[in-house]
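Novice: just need the structure, nothing else, for what follows:
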Amino acid sequence: MTASLNLTPSTIERIRHDLVGLKMPRALEALDHVVRRLEQGDIAALEAIDTLLSEELTLRENSRIKTALRMGRLATIKTLAGFDFSFQPSLDRDRILTLAQFGFIARCEVVHFLGPPGTGKSHLATALGVEAVKAGKSVYFSTLAEIITALARAEREGRLQKRIRFFCRPALLVVDEIGYLPVVPGGGNLFFQLVNARYEKGAMIVTSNRGFAEWGEVFGDPVVTTALLDRLLHHAVVVQIEGSSYRLRQHAELMPEHVRSKAIITPPTLDPAPRRRGRPPKNGHHSATA
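Specialist: Next comes the predicted model:
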């Protein structure tokens, strides 16, 4: 069998040398096993080539995904398969799986996950981010507080636009925890500049425990808030989660009744303010402070 296939020691050594030169470590590792299967007649020559290439491609794809997850700050891996949809009956499972086909990324839409704390918003946002990375999309994950802190620092150092461009690079930007922490004075204006820069150019996923009607209180400025919502809701998918804490689902019987009861997020409402397409007036009240 070896002779008919010309698998002489010199041929195998030359293949091994070429695999090293091509930087194909997984194919090199699998070579001896594939050659043995060839010699035993278990596989044909084309199958052997296919096996070596598939092994190498799998290694490279896994490496790409690992690197992309790290660069996108998706260190805590959550998956859609690991989400217990039966615990949150208000969620339409098929709707979430449709989002995982990433048409919203191609359309540069914003997906909003709204619901009380612990209901699975961050899990779903992270899981969609992980699936997007696997699908070859660039993703970056951050909390609102971290983004505003980074933008405020960049503004003080005279490199705000450079930092905004950084946040505009990924095809999908995930902004977690809107409403959990108070926004510093001027923070809403900085976040608006980022949202405005990504508007109709890049997709976003945002999570919030506050209804849209409460965002004025979150950002502390009704003008900036209206401008934010104008862009974040123009091309949007709103997923409202009602129910008790997903994190505490295994201990639900131990929770007080008022915690277990359903808490409904206020539906979106906007003040009848003129639609803005530029940056809100930057005066002493709206501008970021150092």
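Novice: low-scoring stretches of the chain, by residue?
Specialist: Scanning the chain for pLDDT under 70 picks out the ranges 1-6, 243-290.
Novice: show me the helices in it, by range?
Specialist: Secondary structure of the chain, counting by DSSP state H: helices at 9-21, 25-39, 45-71, 93-99, 103-106, 121-134, 144-156, 160-168, 187-198, 215-219, 222-232, 257-260.
Novice: mean neighbour count and distance to residue 84 added to the ones you listed, as CSV?
Specialist: Where you see a C-beta, it was placed from the backbone N, CA and C, and this is true even at glycine. Conversion of those to CSV gives the following (neighbours: other C-beta atoms under 10 Å; distance: least, C-beta to C-beta, whole Å):
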stretch, mean neighbour count, distance to residue 84
helix 9-21, 12, 45
helix 25-39, 16, 35
helix 45-71, 14, 23
helix 93-99, 14, 11
helix 103-106, 17, 23
helix 121-134, 23, 10
helix 144-156, 18, 26
helix 160-168, 16, 32
helix 187-198, 23, 32
helix 215-219, 20, 29
helix 222-232, 22, 28
helix 257-260, 10, 16
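Novice: next, format the ones you listed as JSON lines and append distance to residue 81.
Specialist: Putting these into JSON lines (distance: least, C-beta to C-beta, whole Å) gives the following:
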{"stretch": "helix 9-21", "distance to residue 81": "35"}
{"stretch": "helix 25-39", "distance to residue 81": "26"}
{"stretch": "helix 45-71", "distance to residue 81": "16"}
{"stretch": "helix 93-99", "distance to residue 81": "10"}
{"stretch": "helix 103-106", "distance to residue 81": "20"}
{"stretch": "helix 121-134", "distance to residue 81": "8"}
{"stretch": "helix 144-156", "distance to residue 81": "28"}
{"stretch": "helix 160-168", "distance to residue 81": "29"}
{"stretch": "helix 187-198", "distance to residue 81": "29"}
{"stretch": "helix 215-219", "distance to residue 81": "32"}
{"stretch": "helix 222-232", "distance to residue 81": "29"}
{"stretch": "helix 257-260", "distance to residue 81": "26"}
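Novice: so which of those helices comes closest to residue 240?
Specialist: For the helices of the chain, proximity to residue 240 was assessed by C-beta to C-beta; helix 121-134 is nearest, at 10.1 Å.
Novice: hmm, back to that, out of the helices of the chain, flag the one nearest residue 77.
Specialist: Between residue 77 and the helices of the chain, the shortest separation by C-beta to C-beta is 6.1 Å, and it involves helix 121-134.
Novice: between the helices of the chain, which gets nearest to residue 79?
Specialist: Using C-beta to C-beta as the measure, helix 121-134 is the one of these that comes nearest residue 79, at 5.3 Å.
Novice: how about the helices of the chain, which one is nearest residue 238?
Specialist: When the helices of the chain are ranked by distance to residue 238, counting by C-beta to C-beta, first place goes to helix 222-232 at 10.0 Å.
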